[in-house]
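[1] I'd like to go over a predicted model; first the sequence, then the structure.
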Number of protein chains: 4
Amino acid sequence: MCRFLAYSGAPITMDELLYQPENSLIHQSYKARERAEPLNGDGFGVGWYDFNIDETPGVFLSVSPAWNNRNLRSIAPKIRSNCIFAHVRAASFGDVTQENCHPFKYKNLLFMHNGDVGGFRKIKRDLRSRLSDEIYDWVQGDTDSEHFFALFLNRLTESGKPEHPQTFVTVLQETIAELLQISREKNVTEPASLNVAITNGKFTLATKYISDSTKKPNTLYYSSGSRFECHGGVCHMLPVNSSQHSVLIVSEKLTEFDKDWQEVPLNHFVVVNEDLSVFLQPINVSF
Amino acid sequence: MCRFLAYSGAPITMDELLYQPENSLIHQSYKARERAEPLNGDGFGVGWYDFNIDETPGVFLSVSPAWNNRNLRSIAPKIRSNCIFAHVRAASFGDVTQENCHPFKYKNLLFMHNGDVGGFRKIKRDLRSRLSDEIYDWVQGDTDSEHFFALFLNRLTESGKPEHPQTFVTVLQETIAELLQISREKNVTEPASLNVAITNGKFTLATKYISDSTKKPNTLYYSSGSRFECHGGVCHMLPVNSSQHSVLIVSEKLTEFDKDWQEVPLNHFVVVNEDLSVFLQPINVSF
Amino acid sequence: MCRFLAYSGAPITMDELLYQPENSLIHQSYKARERAEPLNGDGFGVGWYDFNIDETPGVFLSVSPAWNNRNLRSIAPKIRSNCIFAHVRAASFGDVTQENCHPFKYKNLLFMHNGDVGGFRKIKRDLRSRLSDEIYDWVQGDTDSEHFFALFLNRLTESGKPEHPQTFVTVLQETIAELLQISREKNVTEPASLNVAITNGKFTLATKYISDSTKKPNTLYYSSGSRFECHGGVCHMLPVNSSQHSVLIVSEKLTEFDKDWQEVPLNHFVVVNEDLSVFLQPINVSF
Amino acid sequence: MCRFLAYSGAPITMDELLYQPENSLIHQSYKARERAEPLNGDGFGVGWYDFNIDETPGVFLSVSPAWNNRNLRSIAPKIRSNCIFAHVRAASFGDVTQENCHPFKYKNLLFMHNGDVGGFRKIKRDLRSRLSDEIYDWVQGDTDSEHFFALFLNRLTESGKPEHPQTFVTVLQETIAELLQISREKNVTEPASLNVAITNGKFTLATKYISDSTKKPNTLYYSSGSRFECHGGVCHMLPVNSSQHSVLIVSEKLTEFDKDWQEVPLNHFVVVNEDLSVFLQPINVSF
């Protein structure tokens, strides 16, 4: 299990997103509110884009807990971006190593995951055998998360389709279907819990998904407005206006202003388009 | 705040002490039971003696949390000793650095601390000015804990007295008195909370102390018997017999067998003599 | 001993400065050319300014060698700045800890050092006793370098003078004089070797200094032009033009184009003014 | 490339092996003498046995350079063993991560490698496909070294043969043959350079091997006597006597006493039997 945050919109420093909100991701790293187990201290990662430089994101990962990392504390106020991913980890499958920290980066894409692929140990080898040589070699760690992303990348690169939110929707659905099929073949009975987020720095997709409808999914919220601002330790998503749009997708609400946050319905995509419009769409998985 | 464990007695592996008990120190690193804040994830340290080699202890320290440290996991079952100190840290004063991890080592001595020296920032410089050049240079970090130990070492080395439990009792009392005097001069109003443990590998002293009797001290327990043993995940202090003695001093009870554990009375020393006899003694601080 | 690089001028990514030159600072971290000992593997640090955000620099420090740090490798191409400091360390005084990594940061200032303060152990305590409480508390590590910077800060803050290159020149000269005076009082015979760089993100000073004229100083070069550019692994300082200015100050030449680099004369300041004009000035130390 | 040391014999502390010799492994970590590139700063590892506790080794690994690791410096004098493996790494294939540090541990076995498997990227996937599920899951990193060991373990576990030096000789020869066959099928032209050491804490095998006889193999030496002793910084292998035997196998001579060291002939095994007798044996690889 883990906690994450995906931001798109007006330029914002990492500090405003990660440290200043009352229930910030840093706070969630030691005292998450909406998990039975409050601790997410098995490493962290941040990724961000600067299209003035190029299309690929920068990534900073560490196995130390987010709450006491001095480099993160020093860097966060100095990095401002239109698109930021951040993740604090509570290890399930995969050791606490830098290779197992989210977000995972492939070329211009970032990916992160909250949840777990039930029975991952039983399906890992089969899953890997399906990957192209390029994606096979790209995998560095041993988490269920990175392997799910690898399966997605495998389908995406083989499809040859251009990067578009609806391409990602389709390929993500196919990837989930493929995963469930492998799991069934390997007699996995545990559900796949897949709250994931993926971006190319321009558009972002997130899912709230659990394969077993009798189980409780992980929480996921989004907030849409003109700009996320903090003053004196109080943070707000300002109302939409014509000139600016910003969207936050989070595992937990960052503030107590409940009306700032919308709960994502079960088994749905949140799609943040390049124009920062937000769109909810059911996840259709058939296999 | 922190949690610690001090073991003296029959040879035991670190694994049996640190990992196997139900409420082990590793468990306390992420879910301590007797603190308002359950997390002690800001680094850890272990120290141990092997008198077949020499009189000075080995120390292994890390800023990573104890619960996910692979080296500790690998080393713990392979180190067996008659005297083991272990500590998991929740940082108050002092950054999360290796120099600030407990136990602190000075020659053949180990020291660790649970609590804090109230108003430490205000008294640090005065405290340092009292140290001999040797002890001044020995200090490497910036915790209240290490500086309290430095003040103790300063008095101990100047006293020229031989190492004996009652020498340590006297010098510890004088050190607390000196600390309270500096604090008063600097108008510190916060209490000093001093649950500490110190050993030379042969005898061990621990204190349960708070300078303000209206405040609640940190918890401290001890257990005395023939041998601490774990079978199938259930650990017990076996009853005293004539041939073996073992003593555990802990911030929290490691097991649910309440009768295995004695609560240390407020403002008392627990003295574990070289023959492993245990002795409770009030702390007399006058200044 | 160490190697460093101070850049001022047209916006440039850390990658172009740290990785792309033939004899880049990363290369110098494992194979420096102009030191008897080629290895600078005891940690590293980078600092940079973004005045669009605020006046204080971001700093990223690590005890791991620069050549194999994955975070530095990932961050360097994504950070572009007008003012970058970078340092690779070969530890002399002071353990290999994050607190001992350069550049040191005080408010809006950065400082780094190549060389050593001879006999530092003998003068450390006296030096610290001269510091104001604020600067005393600011010191975190135990290197000669940070303590020299603390002595400078002590004089600078006490002077109350505004930030100006000539203020820094004066205060640096006084700081060196004070250091030499303390050293003489403590009967230190080893020379002070002080190649340092200091910046507020707007102007930069560097020194090439050794207190004993019979000893060899550390190397220091600078390069001044319109812009430092790399194409296909070949880097050049382009000739001055009217619209752009850039200045590099380095322990070792980054390229083999000798005419791109000027050697700094012994016991001289290199002053890079806010308009990026470069000025050499003798260091006058009298005491 | 890397440097290693394998010790069997009279109990010795890690300190005497790793720090005290003139050309100690710690010295080799920054200034190896018999490699073109003197630096082995990409992490290190030590492993040791204590049969009084159990048959499996303890392992301590770190990505930081051996020369400045404070934990190694503190632990080394306190660990005394009859069988010690130690390795300092210069990364070729595989990132600088803890999973990629040698020695690798499988149950009661330790393995380490100096050299590289030419063209490893081309054969990695095929090699992995040959592993049993158990060994496949055991692999944690992505070095050529760990994968070669995995191929060995695969054959060893499938053979069902008891642990015996000649079993290991046979299986190692078959493993090399299998590796060369895969390489040929994948059109690899680079040679496999395989100086490896493997132990179960009772007997030890090492190889000096290169698959292309026109290329220069890595150096390998051994020293056999009663006991390796250091006095005042001078270390010696004392002459054989009837009561004690000790054997050192090293990438580089630890001392300048040339007659203490025997060069291992090309393409030979050094076998150290349980009685500490030493045996040289040609490596026969046919495929």
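    Structure's in. What do you need? Being a predicted model, the structure only gives us computed values, none of them experimental.
[2] give me the pLDDT value at A:F60.
    In this prediction, A:F60 carries a pLDDT score of 98.
[3] quick one: distance of stretch A:61-70 to the chain centre.
    For stretch A:61-70, the separation from the chain centroid amounts to 18 Å (computed by CA atoms, centre = their mean, to the nearest Å).
[4] is that stretch up against chain D anywhere?
    No: using CB under 8 Å from any CB of the partner chain as the criterion, no contacts between stretch A:61-70 and chain D are found, and the smallest distance is 9.0 Å. For the C-beta atoms, the positions are set from N, CA and C on the backbone; glycine is no exception.
[5] now do the end-to-end distance for that stretch.
    The first and last residues of stretch A:61-70 sit 13 Å apart, counting by CA to CA, to the nearest Å.
[6] so how many other residues sit close to A:E37?
    10 (other CB atoms under 10 Å in any protein chain shown).
[7] how much space separates it from chain D?
    The gap separating A:E37 from chain D is 25 Å, by CB to the nearest CB, to the nearest Å.
[8] secondary structure class for that residue?
    State at A:E37, reduced to three classes by DSSP: H, G, I helix; E, B strand; the rest coil: coil.
[9] now do A:V171
    With three-state DSSP as the criterion, A:V171 reads helix.
[10] residue of the stretch 151-287 of chain A nearest chain C, please.
    A:G201 (11.5 Å; CB to the nearest CB).
[11] surely A:S8 is in contact with A:R227?
    No: A:S8 is not in contact with A:R227 according to CB atoms under 8 Å; the separation is 11.9 Å.
[12] can you check which residues contact both of those two?
    In terms of CB atoms under 8 Å, 6 or more residues apart in numbering or on different chains, A:S8 and A:R227 are both contacted by the residues A:S246.
[13] more neighbours, the two?
    A count of neighbours by other CB under 10 Å puts A:S8 above the other of A:S8 and A:R227, at 26 against 18.
[14] confirm that that one sits in a strand.
    Yes: assigned with three-state DSSP, A:S8 falls within a strand.
[15] distance of it from B:G47?
    Between A:S8 and B:G47 the computed distance is 49 Å (CB to CB, to the nearest Å).
[16] what of A:L156?
    Relative to B:G47, A:L156 is positioned 52 Å away (criterion: CB to CB).
[17] the more surrounded of the two?
    When A:L156 and B:G47 are compared on other CB under 10 Å, the one with more neighbours turns out to be B:G47, at 29 against 23.
[18] partners of the helix or strand where the more buried one lies, with directions?
    Using DSSP states H and E, B:G47 falls within strand B:44-48. In the sheet, strand B:44-48 lines up against strand B:58-62 (antiparallel), strand B:80-89 (antiparallel) (DSSP bridges).
[19] tabulate these in JSON lines, adding columns for mean neighbour count.
    Converted to JSON lines, the strands paired with strand B:44-48 look like this (neighbours: other CB atoms under 10 Å in any protein chain shown):
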{"stretch": "strand B:58-62", "mean neighbour count": "21"}
{"stretch": "strand B:80-89", "mean neighbour count": "26"}
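[20] C:E190: which of these is closest?
    Checking the strands paired with strand B:44-48 against C:E190 by CB to CB gives strand B:58-62 as the closest, at 31.6 Å.
[21] ok, the residue nearest to A:G233 when sequence neighbours are not counted - contacts?
    Distance criterion CB to CB, 6 or more residues apart in numbering or on different chains; nearest residue to A:G233, sequence neighbours excluded, is A:Q20 at 6.6 Å. Contact criterion CB under 8 Å, 6+ apart gives A:230, A:233, A:235 as the residues in contact with A:Q20.
[22] got it, and A:N154?
    Applying CB under 8 Å, 6+ apart, we find A:N154 in contact with A:130-132, A:135.
[23] out of the contacts of A:Q20, which are inside helices?
    When helices are assigned by DSSP state H, not one member of those lies inside them.
[24] out of those residues, which end up buried?
    Neighbour-count burial (16 or more other CB atoms under 10 Å in any protein chain shown) is assigned, among these, to A:230, A:235.
[25] show me the contacts for A:F152.
    Taking CB under 8 Å, 6+ apart as the contact definition, A:F152 lies against A:111, A:171-172, A:175, A:198.
[26] neighbour-wise, give me the winner out of those residues.
    Ranked by neighbour count under the definition other CB under 10 Å, the contacts of A:F152 are headed by A:I198 with 26 neighbours.
[27] nearest spatial neighbour of that one, skipping sequence neighbours?
    The spatial neighbour of A:I198 that comes closest, neighbours along the chain excluded (CB to CB, 6+ apart), is A:F111 at 4.8 Å.
[28] what do you get for A:F269?
    Here the nearest residue to A:F269 in space, its sequence neighbours aside, is A:Q281; by CB to CB, 6+ apart that works out to 4.4 Å.
[29] what is the neighbour count of the closest residue to A:S193 other than its chain neighbours?
    The shortest distance from A:S193 to any non-neighbouring residue, by CB to CB, 6+ apart, is to A:G115 (3.3 Å). The burial count assigned to A:G115 is 24, neighbours taken as other CB under 10 Å.
[30] swap in the one 10 residues further on?
    Residue crowding around A:R125 was assessed by other CB under 10 Å; the count is 15.
[31] need the three-state assignment for it.
    At A:R125 the chain is in helix, as set by three-state DSSP.
[32] mind listing the helices in the stretch 1-150 of chain A by residue range?
    Assigned helices in the stretch 1-150 of chain A, in chain order: A:14-18, A:25-31, A:70-75, A:120-129, A:133-138, A:144-159 (criterion: DSSP state H, counting those that start in this stretch).
[33] now render those helices as JSON lines, adding mean pLDDT.
    As requested, the helices of the stretch 1-150 of chain A are arranged in JSON lines below (pLDDT from 0 to 100):
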{"stretch": "helix A:14-18", "mean pLDDT": "97"}
{"stretch": "helix A:25-31", "mean pLDDT": "92"}
{"stretch": "helix A:70-75", "mean pLDDT": "96"}
{"stretch": "helix A:120-129", "mean pLDDT": "96"}
{"stretch": "helix A:133-138", "mean pLDDT": "96"}
{"stretch": "helix A:144-159", "mean pLDDT": "97"}
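[34] how about TSV for the ones you listed, with distance to B:P162 added?
    Output for the helices of the stretch 1-150 of chain A, formatted as TSV (distance: least, CB to CB, whole Å):
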stretch	distance to B:P162
helix A:14-18	54
helix A:25-31	45
helix A:70-75	43
helix A:120-129	58
helix A:133-138	64
helix A:144-159	59
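[35] among those, which comes closest to B:R35?
    Closest of the helices of the stretch 1-150 of chain A to B:R35 is helix A:25-31, at 13.3 Å (criterion: CB to CB).
[36] which elements pack onto the closest one?
    Contact analysis of helix A:25-31 by 3 or more CB pairs under 8 Å, 6 or more residues apart in numbering or on different chains; DSSP states H and E lists strand A:2-13, helix A:14-18, strand A:80-89 as its packing neighbours.
[37] quick one: closest of the ones you listed to B:V188.
    Taking CB to CB as the criterion, B:V188 comes closest to helix A:14-18 out of these, the separation being 32.5 Å.
[38] so is that closest one next to chain C?
    No: Helix A:14-18 lies out of reach of chain C by CB under 8 Å from any CB, never closer than 9.4 Å.
[39] CA atoms of that helix as CSV?
    Output of helix A:14-18 as CSV, limited to C-alpha atoms (Å, rounded to 0.1, in the frame of the first residue of the first chain):
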residue,chain,number,x,y,z
MET,A,14,6.9,20.8,-4.8
ASP,A,15,6.9,22.4,-1.5
GLU,A,16,3.4,23.7,-1.8
LEU,A,17,2.1,20.3,-2.8
LEU,A,18,4.3,18.0,-0.6
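[40] quick one: contacts of that helix?
    In this structure, residues lying in contact with helix A:14-18 by CB under 8 Å, 6+ apart are A:5, A:7, A:24-26, A:46, A:48, A:66, A:72, A:75-77, A:79-81, A:84, A:86, A:228-230, A:235, A:248.
[41] my guess is A:F203 contacts A:E274. True?
    Yes: with contact taken as CB under 8 Å, A:F203 and A:E274 are classed as touching, separated by 5.0 Å.
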